[in-house]
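J.: Below is the structure, and that's it, no one-letter string:
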C-alpha cells in the first residue's frame, strides 16, 4: 500500500453505511434510525423522520410494495422484517402530528407543476416549503390522481392536507394545460407530472432519466408519465424539486443532490453474523394478518425483529479500536493526517496508535467487506519508519533482543555430525528458547531419537525487525537464515512458533515447513505421553496460527493424548486473538498491552483450567497474569525447572545456556559490571521487567558511576547516578562495598529524554 | 541537611559540595526545553528524582511522541 491507498483503505467499510433495505427504498428512508426510535417508544420522533422521507406517510405506508422486503437480511432466516407494518404502526400512533412551520424567506421564483398526482404534489410540496411560489395545475376536479382509487375514502386527503398545511401552493384544479408555451408562460420552471398516458408536451424524446431534465431548459418530466409506480412517483417529484432548485439557483440543467443517487447496497451486510434466535414463524403469520390493522404492539414486535444491520465486527474484536474508540474510517483519516508527506508542524495523531497494533490480522480476517486495517497499520509503520518519525524507544528493546538472538551468545546452527545434508531441521524460535529452554531440548531430543540427522537452528525469525519496519535488518536476517538453511541441505523446517512459520512463509517461502506439533503427532510411536489424569484445560491458539488448521488440530490431538480434558468452549482458533505480545506494542503503549492481557486472561476457560499454549508469549502472558498455563512441549517433555516465568534477563541467559548445552559453546556476554558484583533484590526484578531493563543495564550503570565517580550521595548515604543508553537514561540508586566490590541496588528508573 | 532552596541536600561525590537547582536543557525527538534540576555547581553532576522522571518528564515524552 502506498500513502494514497492507506488513506482510502477503509472506503469499503460498511459501518454506518445504509443497510440493504434503505438502499432498496426509493425514498432512501433511514430505516436504522427509525427502528431505533420505535424500539425506544419514541413514536412521534419516528413519525417525523418517516414523514420527512415519505412526505405522504399515510399513503406510502399503505401503497408501498415494500421494495425493502426482498433485500432484508432476515428474509433468508424466517422472513423479511415487514417495514410497512412498522410504518403503519408509526402513522397510527403519531399520524396527527402537525408538520412544523418554518420561517423560510420567500424566493423570487415562480414554479409550475402540471399534474396533481403523487409526483406533482411531492414536487410542489417540497418546493413550496422552501419558499418558492408554486402553482399546481390539475385537469381533474380534485388532486390526488390515481391514488384516490387505491386508498380508503378521505385517507389520501388527510395526508395532502397535512403536507400542504403551511404551504402557499396555489392549486388550480379543473385546469388542463394546453401546451408547453402556455404551461411555462409566467413561470421560471415547470415539472410535468401528468400521469400515466398524460401529455408530455413532446419532451419525452429528450428526457434524461437521472436528471429528469428535457431539451427545454427548466422543464422536467417524471412520475407516472414515465412509468413510475406510486412510491417512485413521489421520489421523482422530490428529485425534480431538487433539480429545479439547482436550476433556479445556478442555471444548470443537470444538478441533483447526491441524495438521489441510491448508494449500492453492500454484500457485507449478508456476511455478518446475526443473532435472530429460532425462526419465528408465528410472528410472520401475524404480520401478514396485521398489515392493515397495525397497532403499536405489532409495530414494536416487528421492529424487534429488525437487526438494525450495522457492522462493528472489527471494533468488537480489536482491543486497539476499543482503547482508542475508533473504527476503520477514522483510522484511515488519522493515518492520512499522520503520514501526510509534507513538512512542517503536522501532528502525528496516529503515531502511537499505529505502533500499538499487534499486527495480528484479526480485523482483516473478520471484516465482511474485505477492509484491511491491519495491513494499513503495517504499511503505515513502514512509511513512518522511512520518514524517520517512529520514536526509537518504541522498538529498541525488542530489536536489541533480536540482535542478541542473532549473536554468538544465542545463535546456533547444529547440523548432522556426519556433515551430510539433512532432511529436517527444528526451528524452535527465540521466544521459546528464552521462556522454556527445557521444552526446546525435550522436543529436539525426541526428533533426534527418530531422525538422528535432524538439524537445529537456534535463531530469531526476524519478525521483530518486520514489526519495527526495520527493513534492512530484516533482509540481513533473512539472508543469513537462507544461507544457513541452504548450507544444511535445504531441510524441511519444523517450527515451534506459528509466527516464525508465518514470517518464513512471507520472506523465505522456499524454506517454509510446518509446526513441529504436527510432525510429533504424526510420529508419536516412540512418545511416552504424560498422564494429566483428566486435568481440565483448553488450547489457546496464538493469533499467528490463524489458517493453520492442521497445526491447530495436532496440538489438540497431543493435548488429548496427554490426558487433558479439553473444554469444548475453547476459543475458536479461526478467530484467535493476540495475547498482546504481537507487534511489540508494550514500549509504545503499556496500558493497552495490559488491557489486552487482562482481556485474554478473563476469556480463559476458568481459574482451575490450564491454558495449553503453543506460543511462548501466550504462555508467559497467562503465567504473568497469575493464570495456569503450559506450553504443549512442556506438557509432552516435562523437565525439571520448566513451567516458570523467567525475567527478561533470565530469558537472555536461558538462550545462551541452551546454546551451550546443544551446540557446545556460546560466546560469553561482555562483563557489563566490569568486576563489580551487583545484588538485585527480588523486589526490583518485576519493576525492571516493566521498564524493559536488564541486569546488564543496571550493572553497566553502576560500573559507569563508579569508574567515573559520576554520582551524587543521597541524604540516606546511597549513591545515585545514571548512564545514557541508546534510547533511555537509566538511574541507579545503590550502596557500594568497595572492599568486596559488591553493590546492592536500591532503586532503578529511567527516562527517554536526554539531559544536555 | 538542607540545601539553600530548602530541599534535602544531595552531595556531589566527586566535588563534595551540595547539588543546586540549575536550569538544564533537555532534548527529546528533536525538541529542546529547559527545566531546573539539581546539579553540582562545579562539575555539573546531575540528579533527577524518580518522581520527575516518571511524572512530568514522562508526560512531556508522551506528548512529543504523539506530536
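T.: It's in. The structure presented is a predicted model; accordingly, all values stated were derived computationally and were not measured.

J.: pretty sure residue A:493 is in a strand, no?
T.: Yes. The assignment for residue A:493 is a strand, going by DSSP: H, G, I helix; E, B strand; the rest coil.

J.: Could you check how far it is from residue A:510?
T.: As judged by Cβ to Cβ, to the nearest Å, residue A:493 and residue A:510 stand 11 Å apart. From N, CA and C alone the C-beta is placed, and that goes for glycine too.

J.: Looking at those two, which one has more neighbours?
T.: The residue with more neighbours, out of residue A:493 and residue A:510, is residue A:493; 24 against 9, by other Cβ atoms under 10 Å in any protein chain shown.

J.: How about the contacts made by that one?
T.: With contact set as Cβ atoms under 8 Å, 6 or more residues apart in numbering or on different chains, residue A:493 has these partners: A:424, A:425, A:426, A:427, A:457, A:485, A:501, A:504, A:511, A:512, A:513, A:514.

J.: Which among those residues count as buried?
T.: A:424, A:425, A:426, A:427, A:457, A:485, A:501, A:504, A:511, A:513, A:514 (16 or more other Cβ atoms under 10 Å in any protein chain shown).

J.: now stretch A:185-195: how far from the chain's centre is it?
T.: 51 Å (Cα atoms, centre = their mean, to the nearest Å).

J.: and residue A:658, what are its phi and psi?
T.: Torsion angles at residue A:658 (phi, psi; degrees, to the nearest 10) stand at phi -60, psi -40.

J.: wait, residue A:743
T.: Taking degrees, to the nearest 10 as the convention, residue A:743 sits at phi -110, psi 150.

J.: in stretch A:326-333, what's buried?
T.: With burial defined by 16+ other Cβ under 10 Å, the residues of stretch A:326-333 counted as buried are A:326, A:327, A:328, A:329, A:331, A:332.

J.: cool, and stretch A:467-485?
T.: For stretch A:467-485, by 16+ other Cβ under 10 Å, it's A:467, A:468, A:469, A:470, A:473, A:474, A:477, A:478, A:481, A:484, A:485.

J.: Please report how far the fifth one lies from residue A:317.
T.: According to Cβ to Cβ, residue A:473 and residue A:317 sit 31 Å apart.

J.: Run through the neighbouring helices and strands of the top helix by length along chain B.
T.: The single longest helix within chain B, with elements called by DSSP state H, is helix B:56-65. Helix B:56-65 sits against strand A:742-751, strand B:20-28, strand B:31-39, with contacts defined as 3 or more Cβ pairs under 8 Å, 6 or more residues apart in numbering or on different chains; DSSP states H and E.

J.: residues from chain B in reach of chain A?
T.: Contact residues (Cβ under 8 Å from any Cβ of the partner chain) of chain B with chain A: B:1, B:8-14, B:19, B:24-29, B:32, B:37-38, B:40, B:45-48, B:50, B:53-54, B:57-58, B:60-61, B:64-67.

J.: can you rerun that using 6 Å?
T.: Chain B comes close to chain A at residues B:8, B:10-14, B:19, B:25-28, B:45-47, B:50, B:53, B:57, B:61, B:65-67, as judged by Cβ under 6 Å from any Cβ of the partner chain.

J.: hang on, the earlier thing: please narrow the buried residues of stretch A:467-485 to those residing in helices.
T.: Using DSSP H, the buried residues of stretch A:467-485 in helices are A:467, A:473, A:474, A:477, A:478, A:481, A:484, A:485.

J.: From chain B, how far off is the residue lying closest to the fourth one once chain neighbours are set aside?
T.: So the one you mean is residue A:477. Of all residues not flanking residue A:477 in the chain, residue A:462 sits nearest, at 3.9 Å (Cβ to Cβ, 6 or more residues apart in numbering or on different chains). Distance, residue A:462 to chain B, using Cβ to the nearest Cβ, to the nearest Å: 25 Å.

J.: Run a quick neighbour tally on residue A:337.
T.: By the criterion of other Cβ under 10 Å, residue A:337 has 14 neighbours.

J.: Correct me if wrong, but it is in a helix.
T.: Yes. Under the criterion used here (three-state DSSP), residue A:337 sits inside a helix.

J.: Tell me which residues touch it, please.
T.: Residues near residue A:337 by Cβ atoms under 6 Å, 6 or more residues apart in numbering or on different chains: residue A:349.
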